[in-house]
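Novice: Need coordinates for the following:
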Amino acid sequence: MSTPISEVHDARQQQPTGEAGTQQIIVQKFGGSSVSDAEGVKRVAKRVVDAQSAGNAVVVVVSAMGDTTDELLDLAAQVTDSAPAREMDMLLSAGERISMALLAMAINKLGASAQSFTGSQAGMITDGIHGKARIIDVDPHRIRTALGKGHIAIVAGFQGMSRATNEITTLGRGGSDTTAVALAAALEASVCEIYTDVDGIYTADPRVVPAAQKIDTISSEEMLELAASGAKILHLRCVEYARRFGVPLHVRSSFSQHEGTWVIPSADDKITTQEGVALEQPIISGVAHDRSEAKVTVVGVPDIPGKAAAIFEVIAAAHSNIDMIVQNVSTQGRNKTDISFTLPIVEGAEALAALHAAQDLIGFESIDYNEQIGKLSLIGAGMRSHPGVSATFFKALSDAGININMISTSEIRISVVTHADLLDEAVRVIHKAFDLDSDSEATVYGGTGR
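Specialist: I've put the predicted structure just below:
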């Protein structure tokens, strides 16, 4: 049964909204490019005040300004090459606190009332893993109280507090998206608006494919695949959280008033416009790419039961996230196998150290590590019922002379790994092969995509 976006709004608007009374609660998240300077902060403040003036109770989640997080990382690197994880979280969480306070000041300047809250003050309770903590509970009673008093609540994204250790934690890159959706779910908000520097979700990164088309609606299933495959517009955990708790997401630009992209709950529902006209599910939703991963090959693993399990237990203990996995007959002779996998570059050093420490126990010969790779993914729920997608995909890459190192598939995704230098061309080739190119160029208002 199809579910128009308007019906999703109506259903959530009828839910209780706590101390904000009968007002509709909306959560707005603004990325670093939206608050990159004082003028950007003022522009966001005006937009937030307008949302409250329209009769909404407004909660705003902000990222650090512009490249602040990268600058803080650079500062830390100048001081030490082995910063304690606890202190790194203390440092990086400062960026969002700067943004929240400045935005609250700008809103108050416009005559509205705003109060800013750190992640811990907003009730974001996490586990104790520094640098990539996961949210385990949300207790937004201070936010509800602020809304009930007519304030706009400004929350620092990307951070929380471990109840077990009482320490400040950070959620990892893109964690402000997750903060926003978690608050929207806890507050039973009618919508979570994710503001960025493009007009919505596109069929490819418009910085790489200028002819990419804006997608009006997309299922959370497809969005999960896009996010997991490197599309930077939404964080993977944010989409998972939204799907689990039924939070409608509206991805739009903070630099324009255009309608953005709606992320709807299920690919099993027919995509329905706000006017209620059902549309055919498109075969392909988009093309994503990722430069943030490295390829690890464990060479000469004894080809006996239990060795692959031992390798991935070591990786799990190092808190590294595995993406693609391929096992081949080893170049080191009979009764040996090579196991290749990809993981985030930022987790590479720790994973390699853990594997080397376990080398004698596992019995493998050596490890190859390569950061010069890129991942290309084709995503579309329509693949299920349309034969020939794989043939078109691989022929297009072959005709362009692009070699493939690894392949991974799901029911709605094809992913390949190629050399990093060929990635942009591969994205453009696949985008064109599936007739996704638009007649006009997409508008990019900022420079980071978040």
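Novice: list the contacts for L436?
Specialist: By C-beta atoms under 8 Å, 6 or more residues apart in numbering, L436 lies in contact with 203-204, 212-213, 284, 286-287. From N, CA and C alone the C-beta is placed, and that goes for glycine too.
Novice: 10 Å instead, please
Specialist: Contacts for L436 (C-beta atoms under 10 Å, 6 or more residues apart in numbering) come out as 202-204, 209, 211-213, 282, 284-287, 378, 430.
Novice: Nearest to V251 among those residues?
Specialist: Y202 (10.1 Å; C-beta to C-beta).
Novice: Give me the pLDDT for the closest residue to the closest one other than its chain neighbours.
Specialist: Excluding its sequence neighbours, the residue lying closest to Y202 (C-beta to C-beta, 6 or more residues apart in numbering) is A212, at 4.1 Å. Looking at A212, its pLDDT reads 93.
Novice: Now that A212 has come up, it's in contact with F434, right?
Specialist: No. At 11.9 Å, A212 does not count as touching F434 under the criterion of C-beta atoms under 10 Å.
Novice: Mind telling me what element the residue nearest to Y202 is part of?
Specialist: A212 belongs to no helix or strand when assigned by DSSP states H and E.
Novice: From H431, how far off is it?
Specialist: Taking C-beta to C-beta, to the nearest Å as the measure, A212 falls 7 Å from H431.
Novice: what do the two both touch?
Specialist: Between them, A212 and H431 share these contacting residues under C-beta under 10 Å, 6+ apart: 202-205, 286-287, 437-438.
Novice: Flag the least confident of those residues.
Specialist: Within those, S438 has the lowest pLDDT, namely 87.
Novice: my read: that residue touches A211, true?
Specialist: Yes. S438 is in contact with A211 according to C-beta under 10 Å; the separation is 4.9 Å.
Novice: Overlap in contacts, the two.
Specialist: With C-beta under 10 Å, 6+ apart, S438 and A211 have common neighbours 202-203, 431.
Novice: Now G300, what are its backbone angles?
Specialist: Backbone torsions for G300, taken as degrees, to the nearest 10, come to phi 70, psi 50.
Novice: Pretty sure it sits against N328.
Specialist: No. G300 lies out of contact with N328 (C-beta under 10 Å); the separation is 11.6 Å.
Novice: higher neighbour count, the two?
Specialist: Set G300 next to N328 and count neighbours by other C-beta atoms under 10 Å: G300 wins out with 19 against 10.
Novice: returning to that earlier point: the shared contacts of S438 and A211 in strands, which ones?
Specialist: Y202 (DSSP state E).
Novice: now the shared contacts of S438 and A211 in TSV, with distance to T342?
Specialist: Output for the shared contacts of S438 and A211, formatted as TSV (distance: C-beta to C-beta, whole Å):
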residue	distance to T342
Y202	24
T203	24
H431	22
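Novice: now, among the shared contacts of S438 and A211, which is nearest to R334?
Specialist: Closest approach to R334 among these (C-beta to C-beta): H431, at 43.3 Å.
Novice: how is this structure carved up into domains?
Specialist: With domains defined by the TED database, the chain comprises 25-272, 287-434.
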